[in-house]
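> make a model of this:
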Amino acid sequence: MLSNRRIQELELVMEFEKVEECFKEVSSWIENVGRKRLKEMINLDDSLEMLLQAQKQFREFDLVASEYCRRGQEALKKMDRWEDFTSVDVRSCRVKLQTYRDQLEEFCTQLDESRHRICETVRLYEFFDKVR
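Residues are numbered from 1 along each chain as shown. Next up, the predicted model:
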């Protein structure tokens, strides 16, 4: 039984190495593209026309960002069964996995917040535009 468990742990480590490539790609995109684009969306323009343009650009970015979030989440799901293993090899992979999970969750939350903020700002500007 101990031998079988060790073999399973080694198989998980090898599987992690395969999935880690996906994590690295997603993580790199988040750091090099995603976060920068979200920062650009913080300061929204004062006119409805410019705001609608920013919303359109955000929607295009959102499609790509959501795909990276989805890919990262799928990769994390593949690693869900790690909780039962405690060897040193698996533990070090779990630490990396948690780092990827935290980064992905933070980015996806920021993406959702930006999506909501832009949508609400557009609605508010459209309301004030109608009132005038």
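> make it CA atoms for all contacts and neighbour counts henceforth
Will do.
> so residue 45: helix, strand or coil?
Put simply, residue 45 is coil when judged by DSSP: H, G, I helix; E, B strand; the rest coil.
> how far off centre is stretch 59-69?
9 Å (Cα atoms, centre = their mean, to the nearest Å).
> hmm, who's touching it?
26, 29, 34, 37, 104, 108, 111, 115 (Cα atoms under 8 Å, 6 or more residues apart in numbering).
> the fifth one and residue 62, how far apart?
Using Cα to Cα, to the nearest Å, we find residue 104 at a distance of 15 Å from residue 62.
> show me the shaky parts of the protein.
81-89 (pLDDT under 70).
> list the contacts for the residue of the chain most remote from its centre?
Ranked by distance from the centre of the chain (Cα atoms, centre = their mean), the top residue is residue 132, with 39.7 Å. If you count contacts by Cα under 8 Å, 6+ apart, residue 132 has none.
> can you give me the strands in the chain?
Using DSSP state E, no strands are found in the chain.
> which helix runs longest in it?
Secondary structure of the chain read by DSSP state H shows that its longest helix is helix 88-131.
> what packs against it?
With contacts defined as 3 or more Cα pairs under 8 Å, 6 or more residues apart in numbering; DSSP states H and E, helix 88-131 has these neighbours: helix 2-29, helix 35-40, helix 48-78.
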